[in-house]
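Asker: Please work out how this folds:
(one chain, ligands or ions: 1)
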Amino acid sequence: MAQSSGRICLTFDDMFVDHWVAALPLLQDFEASVTFCVCKLHTLDADAIAGLHQLQDAGHEIAFHTRNHHNAATFIEQHGIDAWAAQELDHGIAEHRAAGFPATSFAAAFHVLPPPAAKAVKHRFRVGRSSGPWGRTDVDITRRIYKTPRDIVHCAGWLDTCHPKFPGWRHINHILQQTAAAGGVSVFAGHDIVAQSHPPGFHMTLDDLGHLLDLARAHGLGFCTLSDTGP
Ligand SMILES: [Zn+2]
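Answerer: Below is the predicted model of the structure:
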């Protein structure tokens, strides 16, 4: 199929560093640059930090996914927006930068980003990733395919193929098709990447990642990082 100007932005959240590093050769085979959205960096050991550098050095983005992974709506209700911005953004951003990661883009914990939090994110990052698809298929995908840079993006697709709410490959294929036709960018959100499927949860298998990359290539799509979606 002809090359499309469309691209997909694959994002993987939390702190599954060992498994992400194990996915590097597969991503390299497809020349796919992806984004790992890391929270709780201050709890990671030296090996995990080294793993994140290995990912970054291979051309992937290490994005910021809050300091402690609180639900922003609940936290702000209890402690206020200033406390959230100081603790969950500024403190954590400083830790990322001290460890050698740029913290240029942001991914909301639990895909929860109330308006005051979104405003604080826009002041600090090139782009923030907000709503997730939560396994839904009733979201208007065309409104989540971006043809111009955005400071807040919403996810079109879901990468946790082993989760009971995964909407299926037919739906993924539909998003890829729409993205290629529109020539825009669509954002996908996932978590862990495992060698073999085990009990259902927030993960995909390496085989499934390979399948997705194959499908994207078949649609003529390229890849971009989360900060690439911003201005
Ligand atoms: Zn998360």
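Asker: Touching, residue 178 and residue 140? I think so.
Answerer: No - counting by Cβ atoms under 8 Å, residue 178 stays clear of residue 140, with 10.3 Å between them. C-beta coordinates here come from the backbone N, C-alpha and C atoms, glycine included.
Asker: neighbour count winner among these two?
Answerer: Counted by other Cβ atoms under 10 Å, residue 178 and residue 140 do not tie: residue 178 has more neighbours, with 18 against 8.
Asker: what's the distance between the longest strand seen in the chain and the middle of its chain?
Answerer: Criterion DSSP state E: the longest strand present in the chain is strand 7-14. Its chain's C-alpha centre and that of strand 7-14 lie 3 Å apart, by Cα atoms, centre = their mean, to the nearest Å.
Asker: which other helices and strands contact the helix or strand just after it?
Answerer: For strand 7-14, the succeeding helix or strand toward the C-terminus, using DSSP states H and E, is helix 17-22. Applying 3 or more Cβ pairs under 8 Å, 6 or more residues apart in numbering; DSSP states H and E, we find helix 17-22 packed against helix 46-57, strand 192-194.
Asker: same thing but 6 Å
Answerer: Judged by 3 or more Cβ pairs under 6 Å, 6 or more residues apart in numbering; DSSP states H and E, helix 17-22 is in contact with helix 46-57.
Asker: which of the residues in the helix it packs on are buried?
Answerer: 48, 49, 51, 52, 55 (16 or more other Cβ atoms under 10 Å).
Asker: Distance check, the residue of the chain found nearest the ion against residue 28.
Answerer: In the chain, the residue that lies nearest the ion is residue 13 (3.9 Å; Cβ to the ion). Going from residue 13 to residue 28 by Cβ to Cβ, to the nearest Å gives 21 Å.
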